[in-house]
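> Got a sequence here, can you build the structure:
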Amino acid sequence: MKLIIAVVQDKDSNRLVDALGEGNFQTTKLATTGGFLKEGNTTLMIGCEDQYLDEALDIIRDNCSQREQMVAPISPMGGNADSYIPKPVKVEVGGATVFILPIESFYQF
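Numbering: from 1, shown residues only. The predicted model follows:
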């Protein structure tokens, strides 16, 4: 048995949870915040048997799209603000960051 931990952008989370449900994968949804852009993310915990791991990963891959987003840089703390010129930058966001952990045992009470 495996535990999949998938960190996805909020924009993709509802579509992904619905698709996982259609595939008979039970998920636990946690609201999280990303460290780089300081924006809302969703972290999903998905338990699955080893033989269904590839199917779950395919569903995640198919429902989490990457896109470009303009973000304003954060001003330097303690630095010289006179020479700092805030200029929005394009960054790639979205997709999914997935961790797969082995599960030694599973109990449901």
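
> And for the closest residue to residue 56 other than its chain neighbours, the neighbour number?
Nearest residue to residue 56, sequence neighbours excluded (Cβ to Cβ, 6 or more residues apart in numbering): residue 48, at 5.2 Å. Every residue, glycine included, has its C-beta placed from N, CA and C. As a burial measure, residue 48 scores 23 neighbours (other Cβ atoms under 10 Å).

> And residue 48, how far from residue 33?
The gap separating residue 48 from residue 33 is 26 Å, by Cβ to Cβ, to the nearest Å.

> Touching stretch 31-46 from outside, list them.
Contacts to stretch 31-46, defined as Cβ atoms under 8 Å, 6 or more residues apart in numbering, come from residues 3-10, 12-13, 16-17, 20, 25-30, 56, 69, 71, 91, 93.

> Mind doing that once more with 7 Å?
3-10, 13, 16, 20, 25, 27-30, 56, 71, 93 (Cβ atoms under 7 Å, 6 or more residues apart in numbering).

> thinking again about what came up before, report the beta-bridge partners for the residue nearest to residue 56.
Beta-bridge partners recorded for residue 48 (DSSP bridges): residue 2.
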